[in-house]
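Novice: give me a model of this one.
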Amino acid sequence: MTEQLPVHAGFPPPLAARLDRYFLSMGMGVNAHALTRDRRELLLWFDAKSDADLALMGLARPDIPSFVFQDLFGNQVRPRIQR
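Specialist: This next block holds a predicted model:
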């Protein structure tokens, strides 16, 4: 028998926890593994930003999953663009 990895294997634990909370809020029927795999680089890019950098984009760290998946789930997180 092979060992099964967590859905968000390879993500830092705080980001994995935020992704878990986000997908739990979506309810049943969401294939979190496929979605996070397809957007892994983007999720890690945002997560690597400092809180100050995220704030300049109009985001807070807990908003990262909602922002990255807004096209799929109609989330209302909109970054504030600094000019």
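
Novice: just give the nearest non-adjacent residue to the spatially most central residue of the chain, would you?
Specialist: In the chain, the residue lying closest to the centroid (Cα atoms, centre = their mean) is Pro65, at 2.7 Å. What sits nearest to Pro65 in space, not counting adjacent residues and going by Cβ to Cβ, 6 or more residues apart in numbering, is Tyr22, at 3.7 Å. For the C-beta atoms, the positions are set from N, CA and C on the backbone; glycine is no exception.

Novice: okay, the residue nearest to the centre of the chain: pLDDT?
Specialist: Pro65 carries a pLDDT value of 91.

Novice: sketch out the low-pLDDT regions of this protein for me.
Specialist: 1-9, 28-29, 75-83 (pLDDT under 70).

Novice: residues in contact with the helix ranked longest in it?
Specialist: Longest helix in the chain, counting residues (DSSP state H): helix 13-26. With contact meaning Cβ atoms under 8 Å, 6 or more residues apart in numbering, helix 13-26 is reached by 6-8, 11, 30, 32, 35-36, 43-44, 47, 61-62, 64-66, 69, 73.
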